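In: below are the sequence and a predicted model for it; my questions follow.
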Amino acid sequence: MRILVTNDDGIHAPGLLTLERIARTIADDVWIVAPAEEQSGAGHSLSLADPIRYREIDERRFEVAGTPTDCVVMAVRKIMPGLPDLVLSGVNRGQNIADDVTYSGTIAAAMEGTTLGLKSIALSQVTGIHGNGFSYAVAEHYGANVVQRLMDIAFGPGVLMNVNFPDCRPDELQGIEVTRQGKRDINLLTVDERVDARGRNYYWLGFQRERGRPPAGTDLNAVFNKRISVTPLHMNLTQIDAMEPLRRALEAK
């Protein structure tokens, strides 16, 4: 089995090493192709206005000057000797749940794998919910088992898996749950205004750390309750239920 490992935190991210160890428990043929620099929040973006360069930094380990999507394209179309059987993206430092899904470069890499017809899984380690210091321990302890179990499942066309590990100790884990994508009931995105040495304003985008009250069955609720969340995501974003009312409204005279 051949596995492609990538991420959005960059080639030197500790979470990438965690995912590489997970991959090597499953297969001997593991390829690492990741961004040269952090690409958090890049979403499903391609580098179309700039050239893409890559560099081999070790055997089967490459850094790409581009986005997570670029990394998957370059790995499959240029770098690897053949198609991977599995694309693993992560382990992201921080959750990719609810509204995060549309921003996430981690999920975008798995999306691109899915677009190319490859079984793809995004993995993220939650932080900041239960007040513990950050650790990849839950992902490290349970990641290989989750990935192996998902490998035995037929995802179907256009489907990828989004896995989030709660920020608790491994012995505190309350199980694994299949979830739907949640929606935060509070807006966590903040704009932090600062002033540089020349008196000019500049801004940092960031997120507040608040729990909210997510409903049962959602990815938010699962990780809040110390369960691994596994959410099947679909590349087709069409809202089927809205089509007929829309059709009637547009055809009305």
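Out: It's in. Not measured: the values here are computed from a predicted model. Residues are numbered from 1 along each chain as shown.
In: show me where the stretch 51-200 of the chain has strands.
Out: Taking DSSP state E, counting those that start in this stretch to define them, one finds strands in the stretch 51-200 of the chain at 54-58, 61-64, 86-93, 119-125, 159-165, 176-178, 189-195.
In: closest one to Met243 among the ones you listed?
Out: strand 159-165 (20.7 Å; C-beta to C-beta). In short, each C-beta sits where N, CA and C put it, glycine included.
In: dump the strands of the stretch 51-200 of the chain into TSV; add mean neighbour count as well.
Out: Shown next, in TSV, are the strands of the stretch 51-200 of the chain (neighbours: other C-beta atoms under 10 Å):
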stretch	mean neighbour count
strand 54-58	12
strand 61-64	22
strand 86-93	28
strand 119-125	26
strand 159-165	25
strand 176-178	16
strand 189-195	9
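In: save those strands as JSON lines, and put in distance to Arg149 too.
Out: Listed next are the strands of the stretch 51-200 of the chain as JSON lines, based on distance: least, C-beta to C-beta, whole Å:
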{"stretch": "strand 54-58", "distance to Arg149": "30"}
{"stretch": "strand 61-64", "distance to Arg149": "27"}
{"stretch": "strand 86-93", "distance to Arg149": "13"}
{"stretch": "strand 119-125", "distance to Arg149": "11"}
{"stretch": "strand 159-165", "distance to Arg149": "10"}
{"stretch": "strand 176-178", "distance to Arg149": "9"}
{"stretch": "strand 189-195", "distance to Arg149": "34"}
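In: nearest to Ile240, of the ones you listed?
Out: That would be, of the strands of the stretch 51-200 of the chain and by C-beta to C-beta, strand 159-165, which comes in at 15.7 Å.
In: the closest one versus strand 86-93: what angle between them?
Out: If you take axes from the mean of the first three to the mean of the last three C-alpha atoms, to 10 degrees, strand 159-165 sits at 30 degrees to strand 86-93.
In: hey, least reliable of the strands of the stretch 51-200 of the chain by pLDDT?
Out: Across these, strand 189-195 has the smallest mean pLDDT, namely a mean of 85.
In: run the chain-centre distance for that one.
Out: Distance of strand 189-195 from its chain centroid, counting by C-alpha atoms, centre = their mean, to the nearest Å, is 25 Å.
In: could you say what helices and strands it packs with?
Out: With contacts taken as 3 or more C-beta pairs under 8 Å, 6 or more residues apart in numbering; DSSP states H and E, strand 189-195 sits against strand 201-207.
In: mind listing what's buried in the helix or strand following the strand it packs on?
Out: Downstream of strand 201-207, the next assigned helix or strand under DSSP states H and E is helix 219-224. Residues of helix 219-224 classed as buried by neighbour count (16 or more other C-beta atoms under 10 Å): Asp219, Leu220, Asn221, Ala222, Val223, Phe224.
In: and the contacts of helix 219-224?
Out: Under the contact criterion C-beta atoms under 8 Å, 6 or more residues apart in numbering, helix 219-224 has outside partners 95, 97-98, 126, 129, 162, 164-167, 177, 179-182, 184, 211-212, 214-215, 228-229, 231.
In: sweet, I'm off.
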